[in-house]
Structure formats: C-alpha cells, structure tokens
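Peer 1: next input, structure requested:
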Amino acid sequence: MSRIGKKLVVIPKEVKIEVKDGVVFVEGPKGKLNRKLSDRISVEIKDGQLFVKRVSDTKIDKSMHGLFRALIINMINGVTEGFVKELEIIGVGFKAAVVGDKLNMALGFSHPVNFNIPAGVKIETPKPTQLVIKSTDKELIGKVAAEIRAFYPPEPYKGKGIRYLGEHVKKKIGKAQATGK
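Peer 2: The predicted structure follows:
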C-alpha cells in the first residue's frame, strides 16, 4: 500500500466534503474547491474521516493513491487556513503595484510588465519591492508565483530579479575577477 495514501484524513468540523460523480467538493470558511478524481481512485467518508482507496495494486494506482490523498489534504488546508507565497523584487528602479485586477511591474525593461491576476488569487504589495500572493488553491498559487518570477528570474552576477522570499541565489564572480586582473 501507499504509505501516504493509507493514512486516514480527519475532517475538521468547519469543513464540508462531498463526493459526487467522481468529483470531490470541499467547502470551508475561506472558500470552495473541487477536483475530479481518477477512475482508479475512490473516496469514502465515514464518521468524520475520509478514506482514499484504489482499484488495484499496480504501480500507477499506488502512486495515484498517495497523490489524491495529498491533493485532498491540500484542499482542506486551503479552505481552512489558505496558502501564502511571498516574492521579493531586487534591482534599482524595480517595483510592483496592484491596479484593479492587474499587477503592474517595472523591471528595467523599456516597457512596464502587466500580469492579469486570475480569479481565486489575491496579490498585495506591502512594499513596492515585495509581493504577497494569497489563495485557497495550492496548485494555482504556485503557478501564479512561478509565472511572475519568470518575468525576470534572479540573475547570478548582480542578483537582480524576482525571487521567492528567503531564496538564496549563488552569485558568480565576473569575468574580470576570474582572470585575476
């Protein structure tokens, strides 16, 4: 059995979970989420506990077993606590601001960079060089953070760019220092 998949899931009191036609619906104080299950996975709810079961013991079924249990746990955590990702912008003149449903960034290009904020995601800028991304969906928040970071990933010589808060970028020495001149 999958070590992760066989662990039972205790459903918090403020969370409602329903399974209909192969789709898991999770509702909590912060919102609602749903996910379609694989045909090879089934979910049962008994006495405030959720059990994830698989059809057979093939390798793919074992991996799906653990995956869908982890996805359901993430959905429960999302509707109760929510998820947060923080990004920092490093560079002279680099800044960001939220205007309506768009994120406007000045990243040293000849034009401003605009990013449409998807539904279900909230972006705040407590400082012009800091972004706080909040959502109930862990997959969506990771995707949005990666898309924003991809506009200007941290470069290894000066360290300029967009990085996750606390991310360490190993700097390279320049060509002049490498030759010893």
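Peer 1: quick one: the residue nearest to L131 when sequence neighbours are not counted from H168, how far?
Peer 2: Leaving out its chain neighbours, the residue that sits closest to L131 by C-beta to C-beta, 6 or more residues apart in numbering is L87, at 4.2 Å. Just so you know, the C-beta spots here come from the backbone N, C-alpha and C atoms, and that holds for glycine as well. Taking C-beta to C-beta, to the nearest Å as the measure, L87 falls 15 Å from H168.
Peer 1: in this structure, where's the longest helix?
Peer 2: helix 59-80 (DSSP state H).
Peer 1: so what's the model's average confidence on stretch 22-42?
Peer 2: The predicted model assigns stretch 22-42 a mean pLDDT of 94.
Peer 1: any idea how far the helix or strand bottoming out on mean pLDDT in the chain is from the chain center?
Peer 2: Of all helical and strand segments in the chain, the minimum by mean pLDDT, DSSP states H and E falls on helix 175-179, at a mean of 72. For helix 175-179, the separation from the chain centroid amounts to 39 Å (computed by C-alpha atoms, centre = their mean, to the nearest Å).
Peer 1: and that helix, what other elements does it pack with?
Peer 2: For helix 175-179, there is no helix or strand it packs on, judged by 3 or more C-beta pairs under 8 Å, 6 or more residues apart in numbering; DSSP states H and E.
Peer 1: contacts only, for the spatially most central residue of the chain.
Peer 2: Among the residues of the chain, the one closest to the centroid is G142, at 2.6 Å (C-alpha atoms, centre = their mean). Shown in contact with G142 (C-beta atoms under 8 Å, 6 or more residues apart in numbering): K85.
Peer 1: give me the average confidence score over the helix or strand containing it.
Peer 2: Here G142, judged by DSSP states H and E, is contained in helix 138-150. Helix 138-150 shows a mean pLDDT of 97.
Peer 1: off-centre distance for the helix or strand just after that helix?
Peer 2: For helix 138-150, the following helix or strand on the C-terminal side (DSSP H and E) is strand 161-164. Relative to its chain's centre, strand 161-164 lies at 15 Å (C-alpha atoms, centre = their mean).
Peer 1: what phi and what psi does the backbone show at V84?
Peer 2: phi -130, psi 130 (degrees, to the nearest 10).
Peer 1: so it is in contact with T136, correct?
Peer 2: No. With contacts counted by C-beta atoms under 8 Å, V84 stays clear of T136, the gap being 10.9 Å.
Peer 1: neighbour count: these two, which is higher?
Peer 2: T136 (24 against 13; other C-beta atoms under 10 Å).
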